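A.B. asks: Following is a predicted model, sequence given first.
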Amino acid sequence: MVFMAGTRHIPNAIAPSAAGIDYQDLRDRKCPKPIPVMIMHSLNDHLFPKYSVQSLGWWAACNKCEPIPEIIKNGCMAYSGCANGVKTWYCEGDKLHAQWPGINNALTDFFVSVGR
């Protein structure tokens with residue numbers, strides 16, 4: 001995990017899906033250097049309800065983004081003005097926790113956009 005102390009190999013971008021990490025888990029963590037992050041979660045995730053929405057604000061603050069996200073063409077939310085031009089996205093599906101959110105195009109768009 002990129003926010004864990006001692007992580008040796010930090011990826012160029014991350015896209016966690018249905019992570020069971022909420023604001024309470026992150027609030028005392030030291031921010032990593034700005035990194036592109038696309039958080040995927042489901043409106044119908046009853047195991048971790050709204051967890052990713054809570055962690056999204058932490059990532060946006062760590063990435064030094066503008067405080068209010070905008071809806072972008074793929075239906076995701078994106079923060080603007082992030083440090084070093086990193087992307088900070090939140091994309092929501094409607095499946096249950098154990099099911100892939102089905103937002104493959106958004107995921108591909110994200111990784112293509114940060115790979116440039």
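C.D. replies: Cool, the structure landed.

A.B. asks: Under the pLDDT cut-off, which ranges of the protein? List them.
C.D. replies: By pLDDT under 70, the low-scoring segments of the chain are 1-9, 18, 101, 116.

A.B. asks: mind listing the strands for it?
C.D. replies: Secondary structure of the chain (DSSP state E): strands at 37-42, 70-71, 77-79, 88-93.

A.B. asks: Single out the most deeply packed of those strands.
C.D. replies: strand 37-42 (a mean of 25; mean count of other C-beta atoms under 10 Å). For every residue, glycine as well, the C-beta is placed using N, CA and C.

A.B. asks: residue ranges for the helices of the chain, please.
C.D. replies: For the chain, applying DSSP state H gives helices covering 23-26, 51-62, 104-114.

A.B. asks: Looking at these, which is nearest to residue 83?
C.D. replies: Across the helices of the chain, residue 83 has its closest neighbour in helix 51-62 (8.9 Å, C-beta to C-beta).

A.B. asks: Also compute the angle for that closest one relative to strand 37-42, please.
C.D. replies: Angle, helix 51-62 to strand 37-42, by axes from the mean of the first three to the mean of the last three C-alpha atoms, to 10 degrees: 160 degrees.

A.B. asks: if we look at helix 51-62, which residues are touching it?
C.D. replies: Applying C-beta atoms under 8 Å, 6 or more residues apart in numbering, the contact partners of helix 51-62 are 3, 16, 18-27, 29, 31-32, 34, 37, 39-41, 45, 67, 69, 77, 79, 82, 88, 90.

A.B. asks: try 6 Å
C.D. replies: 21-23, 26, 31, 37, 39, 41, 79, 88, 90 (C-beta atoms under 6 Å, 6 or more residues apart in numbering).

A.B. asks: spatially speaking, which residue is in the middle of this structure?
C.D. replies: With distances taken as C-alpha atoms, centre = their mean, the residue of the chain nearest its centroid is residue 39 (2.7 Å).

A.B. asks: just checking, it touches residue 90?
C.D. replies: Yes. Residue 39 lies in contact with residue 90 (C-beta atoms under 6 Å); the separation is 5.0 Å.
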